[in-house]
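> My questions concern the predicted model and sequence given below.
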Amino acid sequence: MGDEVTRASLATSIAIAVVTLLLFFPLIQDSVVKPRLYDGSVNELGRYAFTFDAYEYIEENSENPVIAIGSSKMREIFNGITIGENTTFDGDFFNLAYAGDKPYIRMIEIDAIIELNPKLIIIEIGANTFSSIPQPLDEGSIQRMSQLMALNTEWGKQSWENILFQEDVKLLPMERSEQVLHTASLTPESLEKTLSYELEITEKPYSCDPIIGNVRCVPLQNDENYNYEAYIQYPTQFRNSLKLIKEGKSPLTIEEFYGERLDNYLDGSYHNSEGVENRNQIAFEFMLESLTNANIPVLLVGLPYNPVLIDRLDDGQWDYYNLTSSTYADMDGIVVHDLIWNDYWVEEDFNDFTHASREGEVKFASFISPLIDSILVGD
Amino acid sequence: MDFITTDYYFWFLPIVFLATFTIGHKKRRKQILILLASSYVFFWLASGWHILLLFVSTITDWTASKKIHNSDDPRYRKRWLRGSLIINLGLLGLFKYLDFLIQSLNWVTLKLANSPEIDTFGLLLPVGISFYTFQTMSYTIDVYNRKNKPYEDFLSFSCYAAFFPQLVAGPIVRADHFEKEIEKVLSPSSMRIRLGLTLIVYGLAKKLIIADNMAVHVNTIFDDVEGLTNIGLVWWGALAFGIQIYCDFSAYTDIAIGSAHLLGITLPENFDSPYTATSPQDFWRKWHISLSTWLRDYLYIPLGGSRNGPQVMFFALMTTMLLGGLWHGASWNFVLWGLIHGLLLIIHRVVKQNNIVKSLYDSKPRTITMMGWIVTQYFIFMTWLIFRLEDSSILKPALKSYIGIGSHWDTQEMLEHLPEIKFLTFGIAILFICGHLLSSRIGGFKHWISRQKPLMWGVLIGTMIGLSLTLRPAETADFIYFRF
């Protein structure tokens, strides 16, 4: 054997090992980890794993994309198919919103969005945009941010690095090698879940049925049961809880729903602005600046709430939001359209306190479509 | 520093490699000096001031061996041998066994009379002391027995005593073997480098993928007595620990041998597919070979060996195994472990001499061999419980369950008791068992891999590194034999 291993063959052997290793991680990520991230088995919310793939898909398949991002409010109200039918602009409308969206987390996607270069980006703005972020960063945010950083297709740029607070940098995988190892660390759990599903020992935690699926499950691009493009235009929706309560088909009564439950909701830190220029606000303004610098038009939309909730707000509870959001209207390339405070919205437009029902979706499309046309086509 | 830290692979080993073959290019003494210096740096990083103990041991055996070699006076020679043994075993006894002795004494006196309890010293066990002590002692004994000549220069001997790849957890290398390895200028061939890299990656894969995943299950199962009446759980725990300890220890050995190959030095093998053993004697020929041969040469044979009748042989076997058990750790469970292995070896010798067994073997060799394998492995894995469980309140119910006393089978309960990642670990165990049985037939997977063509080698090595980084559990366990 000694004669067979020359220096050249040793070098070739090592080079092949390095190439194999470099190919190994994406292969494991795509074939083992991503399916379990998408269906929420590992991370509870599949949509935190799918956006970068969606941006790539859109870049390859749409000439005039319009992207909507924001929280579950946006995910439930922005029906890209309906909006497409209502606009004269010849484009495709994609809904890439996810529950619990925070600018400090979402900013990780900014380089991929700029790379995609959409015709328009529609961003949700609300009191939650300026909500507080725990210090030190909570486990959930670390997990979501680490996951997005690891899946980031534009990892060579990381323009948002300087926006991160130093104490957070220590908790996050900043280097590419750390990001790769972060995905790698999810492999055992992903493999375990895959084995238990394949052996039919356990069931998936969330239904991925295209019709009655759970919002936490996202279809893979190659899933034959789904029309992927339709999904990214109009994702799986919540059921109408309010209707079920009113019909007596829920363990909750309407009094309970609008009682302590609503009070707790209105007290929640995520639904209120912190009232100071915090990390979320800094990240949000960084995103706006990055997008306008890249000449991507931005439409900021204040999404509506169930009027019962609006009536229960304390005086001045969302003043910080009102004050701050109005300042963005003065920035070039940004249009602000606030639907929170107008009187068009009725209880039936919502599934619960905040998420739009089918009726709400249609109403929203009728409001937003002319606005999109005015930005993209002209009056 | 140890073999699972990135520092070792990203700076320590590359620097030593480059220094040895650039600064020390074609200059043997410089190469030895570099290896010695790097070994002391490695040991200092791993064990701090305990480096002084290594130095004392080195000086002692260097001086004693020279005095012994240069004298023809038997009494003078014996005096120096005794001196060397007293210092070596004294240091080992002080740091490894003193607190154990005090605790045992306290226990006995507390049981017999209300005498005051003696405080223990709480001395930290110096890393690798059991290994390098045995190594340097064997050198002096060999010189005393005129089996070997002493090293010609102090530098080479110091390097033998401290050589970093095998310093901490073996293999225990004989002085004459190492001397031959370093007598010429070190020059690693491409073949050696490829073999070295193969062994390192193979060892890392065994440690990170198999041993550490098994450790998660073992630690959960034996964390408390709950569930230990479930025979399935205890059997799985014993099997998982058996796999863990083999993959952990043999991984260390592979990395040690691989690192040494990169530096142009060949170290002896320490394992030969031990779970294919068909008798206790066979097991000790395949498990921790460098220790078992050391015990054979420096304890079993001097105690009488097998040529002085059965009674002497049984005494020598039992004493060797008891001390071998105690060598592993200062705890009664290791003594018990050695005792059971001693008994197994004695029973095997007795059974082997039985005429009925002999005739059965002659008529149905395959069946008897298979039965031998099953019985041997059953007891080997049982002894792993004793090895693993120092706490008798956990060991007793585990042993009772293992042999079926007061135990029950409940698959659902077993699965509920295991950690979240279970099917993956079962899969790894099944692959290990198949691989272990197959490996012995092809002369070892690692050697098979190192013989492959560049394309195949590269793909296998790249994949093994990738799997090591993706399948390792969140917590990496220390090498088990670091404690010894």
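Everything's here; your move. Note that the structure is predicted; figures quoted are calculated from it, not measured.

> got the residues of the stretch 101-250 of chain A near chain B?
By CB under 8 Å from any CB of the partner chain, the residues of the stretch 101-250 of chain A that approach chain B are A:181, A:184-185, A:187-189, A:191-192, A:195-196, A:199, A:201. All C-beta atoms are positioned from the backbone trio N, CA, C, and that covers glycine.

> out of these, which are buried?
A:184-185, A:187-189, A:191-192, A:195-196 (16 or more other CB atoms under 10 Å in any protein chain shown).

> where do the strands sit along the stretch 51-200 of chain A?
A:65-69, A:92-95, A:120-125 (DSSP state E, counting those that start in this stretch).

> so which of those gets nearest residue A:268?
strand A:120-125 (16.8 Å; CB to CB).

> which residues sit against the closest one?
A:66-71, A:73-74, A:78, A:91, A:97, A:101, A:113, A:284, A:287, A:291, A:296-303, A:321, A:325, A:328, A:336, A:338, A:368, A:372, A:375-376 (CB atoms under 8 Å, 6 or more residues apart in numbering or on different chains).

> now stretch B:30-50
With contact meaning CB under 8 Å, 6+ apart, stretch B:30-50 is reached by B:1-2, B:12, B:15-16, B:19-21, B:23-24, B:51, B:54, B:124, B:126-129, B:155-156, B:158-159, B:162-164, B:167-168, B:182, B:185-186, B:263.

> ditto for stretch A:314-322
A:125-127, A:129-130, A:266, A:272-275, A:302, A:340.

> Regarding stretch B:7-15, how distant is the last residue from the first?
11 Å (CA to CA, to the nearest Å).

> now do stretch A:201-214
Terminal-residue distance, stretch A:201-214 (CA to CA): 21 Å.

> just to revisit the earlier point, quick one: which of the buried ones among the residues of the stretch 101-250 of chain A next to chain B sit in helices?
Using DSSP state H, A:184-185, A:187-189, A:191-192, A:195-196 are the members of these that sit in helices.

> three-state assignment of the nearest residue to residue B:94 once chain neighbours are set aside?
Excluding the flanking residues, the one nearest residue B:94 by CB to CB, 6 or more residues apart in numbering or on different chains is residue B:123, at 7.1 Å. In three-state terms, and counting by DSSP: H, G, I helix; E, B strand; the rest coil, residue B:123 is coil.

> Same check on the one 10 residues further on?
With three-state DSSP as the basis, residue B:133 sits in helix.

> Tell me the pLDDT of the nearest residue to residue A:263 once chain neighbours are set aside.
Nearest non-adjacent residue to residue A:263, counting by CB to CB, 6+ apart: residue A:312, 7.8 Å away. On pLDDT, residue A:312 comes in at 92.

> Go ahead and confirm residue A:312 touches residue A:267.
No. Using CB atoms under 8 Å, residue A:312 is not in contact with residue A:267; the gap is 11.0 Å.

> Apply the buried test to the contacts of stretch B:30-50 and list what passes.
Among the contacts of stretch B:30-50, the ones that count as buried by 16+ other CB under 10 Å are B:1-2, B:12, B:16, B:19-21, B:24, B:51, B:54, B:126-129, B:155-156, B:158-159, B:162-164, B:167-168, B:182, B:186, B:263.

> Quick check: helices, which of these are part of them?
B:16, B:19-21, B:51, B:54, B:129, B:155-156, B:158-159, B:162, B:164, B:167, B:182.

> And the furthest pair within the residues you listed?
Those two in those that are separated most widely, counting by CB to CB, are B:21 and B:129, at 31.0 Å.

> returning to that earlier point: list the contacts for the residue nearest to residue B:94?
B:94-95, B:98-99.

> Can you go through the residues you listed and name the buried ones?
B:95, B:99.

> Distance to residue B:339 for the contacts of residue B:123 - can I get that in a markdown table?
Formatted as a markdown table, those follow (distance: CB to CB, whole Å):
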| residue | distance to residue B:339 |
| --- | --- |
| B:94 | 25 |
| B:95 | 24 |
| B:98 | 22 |
| B:99 | 22 |
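
> Do a quick rundown of the helices in the stretch 151-300 of chain A.
If DSSP state H, counting those that start in this stretch is used as the criterion, the helices of the stretch 151-300 of chain A fall at A:166-169, A:176-185, A:187-198, A:228-233, A:241-246, A:254-257, A:260-267, A:279-293.

> And the third one, how far out from the chain middle?
Translated: helix A:187-198. From the chain centre to the centre of helix A:187-198 is a distance of 25 Å (CA atoms, centre = their mean, to the nearest Å).

> And it, what does it pack against?
Secondary-structure packing of helix A:187-198 (3 or more CB pairs under 8 Å, 6 or more residues apart in numbering or on different chains; DSSP states H and E): helix A:34-38, helix B:423-441, helix B:454-471.

> What ranges in chain A fall below the confidence cut-off?
A:1-4, A:379 (pLDDT under 70).

> Tell me which residue lies nearest the centroid of the chain.
Since no chain was named, I'll use chain A. residue A:98 (3.2 Å; CA atoms, centre = their mean).

> I was after chain B.
residue B:288 (5.0 Å).

> need the contact list for residue B:220.
Residue B:220 makes contact with B:417-419, according to CB under 8 Å, 6+ apart.

> so can I have a markdown table of those residues showing distance to residue A:228?
Formatted as a markdown table, the contacts of residue B:220 follow (distance: CB to CB, whole Å):
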| residue | distance to residue A:228 |
| --- | --- |
| B:417 | 41 |
| B:418 | 37 |
| B:419 | 36 |
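
> Any stretches of the stretch 201-350 of chain B with poor pLDDT?
Along the stretch 201-350 of chain B, no part satisfies pLDDT under 70.

> quick check, nearest of the contacts of residue B:123 to residue A:53?
Checking the contacts of residue B:123 against residue A:53 by CB to CB gives residue B:95 as the nearest, at 57.4 Å.

> Tell me, how many residues neighbour residue A:261?
Residue A:261 has 14 neighbours, counted by other CB atoms under 10 Å in any protein chain shown.

> Now for it: which residues touch it?
residue A:252.

> which bits of chain B sit near chain A?
Looking at chain A, the residues of chain B close enough under CB under 8 Å from any CB are B:189-191, B:193-194, B:197, B:213, B:420-424, B:427, B:450-451, B:454-455, B:457-459, B:461-463, B:465-467, B:469-474.

> Got a quick PyMOL command for the buried subset of the residues you listed?
The buried subset of the residues of chain B next to chain A, as determined by 16+ other CB under 10 Å, is captured in PyMOL by this line:
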select buried, chain B and resi 189+190+191+193+194+197+213+421+422+423+424+450+451+454+457+458+459+461+462+463+465+466+467+469+470+471+472+473
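
> burial of residue B:29, as a residue count?
12.

> again but with residue B:296, I slipped
Using other CB under 10 Å: residue B:296 sits among 16 other residues.

> What distance do you get for it to chain A?
Using CB to the nearest CB, to the nearest Å, residue B:296 is found at 32 Å from chain A.

> Let me see the contact set for that residue.
Contacts of residue B:296 by CB under 8 Å, 6+ apart are residue B:320.

> SS state for it?
Quick answer, by three-state DSSP: residue B:296 is helix.

> Please put the alpha-carbon coordinates of the lengthiest helix in chain A into CSV.
Scanning chain A for the longest helix, with DSSP H as the assignment, gives helix A:7-28. Provided in CSV are the C-alpha atoms of helix A:7-28 (Å, rounded to 0.1, in the frame of the first residue of the first chain):
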residue,chain,number,x,y,z
ARG,A,7,1.9,12.9,-2.3
ALA,A,8,-0.3,13.7,-5.2
SER,A,9,-2.9,11.0,-4.3
LEU,A,10,-2.7,12.1,-0.6
ALA,A,11,-3.5,15.7,-1.7
THR,A,12,-6.3,14.4,-4.0
SER,A,13,-7.7,12.3,-1.1
ILE,A,14,-7.7,15.3,1.3
ALA,A,15,-9.2,17.6,-1.4
ILE,A,16,-12.0,15.1,-2.0
ALA,A,17,-12.7,14.8,1.7
VAL,A,18,-13.0,18.6,2.0
VAL,A,19,-15.3,18.8,-0.9
THR,A,20,-17.4,15.9,0.5
LEU,A,21,-17.6,17.7,3.8
LEU,A,22,-18.7,21.0,2.1
LEU,A,23,-21.4,19.1,0.2
PHE,A,24,-22.5,17.1,3.2
PHE,A,25,-24.0,20.0,5.3
PRO,A,26,-26.3,21.4,2.6
LEU,A,27,-27.4,17.8,1.8
ILE,A,28,-28.2,17.0,5.4
